[in-house]
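Chemist: Model the following, please.
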Amino acid sequence: MRLLPCFSLVLAAALLVGCEHPTPPPASVPLADAAHPAATPAADPASAVLEASRRFASLRSFHAEMTLHGAQAGQVNRSGMDFVAPDRYRLDTPAGVQTIIGDTFFLQAEGRMQQVPLPAGTLEQWRSPLPSEASLQDLRVDDRGPADIDGTATRVYRIDGPAGSGETLQYWIGGDGLPRQIQRDGFNKQQPYRITLRYSRLNDPTLQVPPPGDAAPSVLNGDL
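Modeler: Got it, this is the predicted structure:
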């Protein structure tokens, strides 16, 4: 079982291209302290991760900061993303603001907009990096202890991929059972990479993703 399809990595690299800086991977997240007590340990780490994925998939909105190490050797790319249910995404990239509605990517560049179809379900990975129906019985899930994310007490859970895959997925889960950060490490065409998503503004009713100005009405019908 792969932890995530590779397409998300390819799409992220395409969206983030143009913001490249030589930099080492990010330092470890600091452990929780007395001011930020740890989230309660789960009796079953695998169940905690699955439940966090289910809860996250039900969010109506969120903001994510995405960091991709390894799109090219020794480089890091960063971008921001807003999600508003049921299917709107706004990506703030070095190439400008990009919008995705449903399975249509409104690619804006050089003053022009092009509608690019995406394979159905592509962006569901960003809603729930670990599918709710996934089986973890053959994978190792460890409770790595408490950690602090931007002042929020979390607990870190690590999933090791199949033997020899080199893949790991880590969840920083808050006391409300929702992920505050997800990090995936793996290899793409033998090149190591790390994708980190840090979440905020969970279920924020003021968060909006307006449609692009030149979007076709047929795409937007029922979504306005």
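
Chemist: Identify the single longest helix in the protein, thanks.
Modeler: Once the chain is assigned using DSSP state H, the helix that runs over the most residues is helix 45-57.

Chemist: so what does it touch, helix or strand wise?
Modeler: Here helix 45-57 is seen to pack against strand 140-149, strand 152-160, strand 168-174, strand 179-188 when contacts are counted using 3 or more C-beta pairs under 8 Å, 6 or more residues apart in numbering; DSSP states H and E. C-betas here are computed from N, CA, C, even on glycine.

Chemist: go with 7 Å
Modeler: Contacts of helix 45-57 with other secondary structure elements, assessed using 3 or more C-beta pairs under 7 Å, 6 or more residues apart in numbering; DSSP states H and E, are made with strand 140-149, strand 152-160, strand 168-174.

Chemist: how about the ones you listed, which one is nearest residue 125?
Modeler: For the helices and strands packed on helix 45-57, the distance to residue 125 is smallest for strand 168-174, at 11.8 Å, taking C-beta to C-beta.

Chemist: on that earlier part again, and residue 123, which of the helices and strands packed on helix 45-57 is closest to it?
Modeler: Closest of the helices and strands packed on helix 45-57 to residue 123 is strand 168-174, at 18.0 Å (criterion: C-beta to C-beta).

Chemist: So for this protein, which residue is the most central one in space?
Modeler: The centroid of the chain falls nearest to residue 197 when counting by C-alpha atoms, centre = their mean (4.3 Å).

Chemist: Could you measure from it over to residue 55?
Modeler: Here the distance between residue 197 and residue 55 works out to 15 Å (C-beta to C-beta, to the nearest Å).

Chemist: got it, and residue 149?
Modeler: Summarising the geometry, the distance separating residue 149 from residue 55, computed by C-beta to C-beta, is 16 Å.

Chemist: what about these two, which has more around it?
Modeler: Taking other C-beta atoms under 10 Å, residue 149 and residue 55 do not tie; residue 149 has more neighbours (21 against 17).

Chemist: Now the more buried one: closest residue in space that isn't a chain neighbour?
Modeler: Closest residue to residue 149 apart from its sequence neighbours, by C-beta to C-beta, 6 or more residues apart in numbering: residue 180 at 4.3 Å.
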